[in-house]
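> turn this into a structure:
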Amino acid sequence: MIRRLALSILVVASLAPVLRGDAAPPVLVPAGVTVAEVPVGGMSNEQAQAALRPAFAAPVRLVYENTVWKLHLSRFGGEVAIAEGVEEALQADAGTSVDLTPEVDQEAVKQFVRALAKRVAVPARDAELIGLRGLVPRYRGEDAGVRVLRGLAAQRITRALQVPSVRAIRVPVTTVEPERTLANFGSVVVIRRGANELRVYERTRMIRRFGVATGQSVYPTPTGTFAIVDKQLHPWWLPPDSEWARGLQPVPPGPGNPLGTRWMGLSAPGVGIHGTPDDASIGYSASHGCIRMHIPDAEWVFRRVKLGTPVVITDA
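Down below sits the predicted model:
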């Protein structure tokens, strides 16, 4: 009887915590622990995972001026092992920062950045001659362009996708300067076909004028806006494929060369500005379409112009 009573007391004693409603305390993340910079200290496993999921699910806002792109980790093949990160946090020391870095498909990021660069980029626009006001050149000013820094953009996007605390980034861009500005535009040549005159301008200021010979009525010098596309020092004269030159032979550099000592070919086929040994023709419509100059005058112009220099030929 006594033995049976003692056994009953022992059983009741062993069940006492259950009967009183006591249970083992939950396992919590130590104080001050963060996972991917998200505070999870004092949380249970379930609470910590619940805190991390929305942090990684929130889109990254990519901003350029007034345009915003919302980038989701899933778009770039991203996967994040939240359960493993929390498990590591549960076993960490207080105050530990646990790293949790999602994998990001770099090729997907680069593909996105390439498309982004095309959308954002603005090409630089050079200053341009747009015509004449009277005989004075008129210009359109230059405009700088914009180019996306692709490597930096890919780095920023990748980091933002991997770090929940970074939810907004800007598109990194740089300015693209135009090659030709109003400040460095250089000379403009204006040829008055009706007056057999050539003028050289710097911006809107005329710096020299010369008498020239232009084309005969049967071989007129073309009018319009052209550019210097060829410069030759001491050129050969080669007979053109034209009836008037049939049977003529090439002439080497030297005295008597029909082109003098300098040739400045225009974008108008077969037409150029050049010196001439025939000084008596200057001031008349005497050439086969080219613009003849006294040899010293052609040498002066040759020094002032470069490839691409605009040449405007007008009837004035």
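
> without its sequence neighbours, what residue ends up closest to A245?
P239 (4.1 Å; Cβ to Cβ, 6 or more residues apart in numbering). C-betas here are computed from N, CA, C, even on glycine.

> would you agree the one you found falls within a strand?
No: with DSSP: H, G, I helix; E, B strand; the rest coil as the criterion, P239 is assigned coil and is not in a strand.

> now do the contacts for it.
Listed by Cβ atoms under 8 Å, 6 or more residues apart in numbering, the contact partners of P239 are A245, R246, L248, Q249, P250.

> what are the ranges of the helices in the chain?
Assigned by DSSP state H, the helices in the chain fall at 2-14, 16-19, 45-57, 82-90, 106-120, 150-162, 295-304.

> walk me through the domains of the protein.
113-176, 187-314 (automatic domain parsing).

> okay, those in CSV with mean pLDDT and distance to V68 next?
Output for the domains of the chain, formatted as CSV (pLDDT from 0 to 100; distance: least, Cβ to Cβ, whole Å):
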stretch, mean pLDDT, distance to V68
domain 113-176, 96, 9
domain 187-314, 95, 42
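
> could you dump those to a markdown table with distance to V104?
Shown next, in a markdown table, are the domains of the chain (distance: least, Cβ to Cβ, whole Å):
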| stretch | distance to V104 |
| --- | --- |
| domain 113-176 | 5 |
| domain 187-314 | 46 |
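
> out of the ones you listed, which gets nearest to D93?
domain 113-176 (21.8 Å; Cβ to Cβ).

> for the stretch 151-300 of the chain, what spans make up the strands?
Secondary structure of the stretch 151-300 of the chain (DSSP state E, counting those that start in this stretch): strands located at 168-170, 173-176, 187-192, 197-202, 205-211, 214-215, 224-233, 262-266, 272-276, 285-287, 291-294.

> of all the ones you listed, which gets the most neighbours per residue?
Ranked by mean neighbour count under mean count of other Cβ atoms under 10 Å, the strands of the stretch 151-300 of the chain are led by strand 291-294, which reaches a mean of 26.
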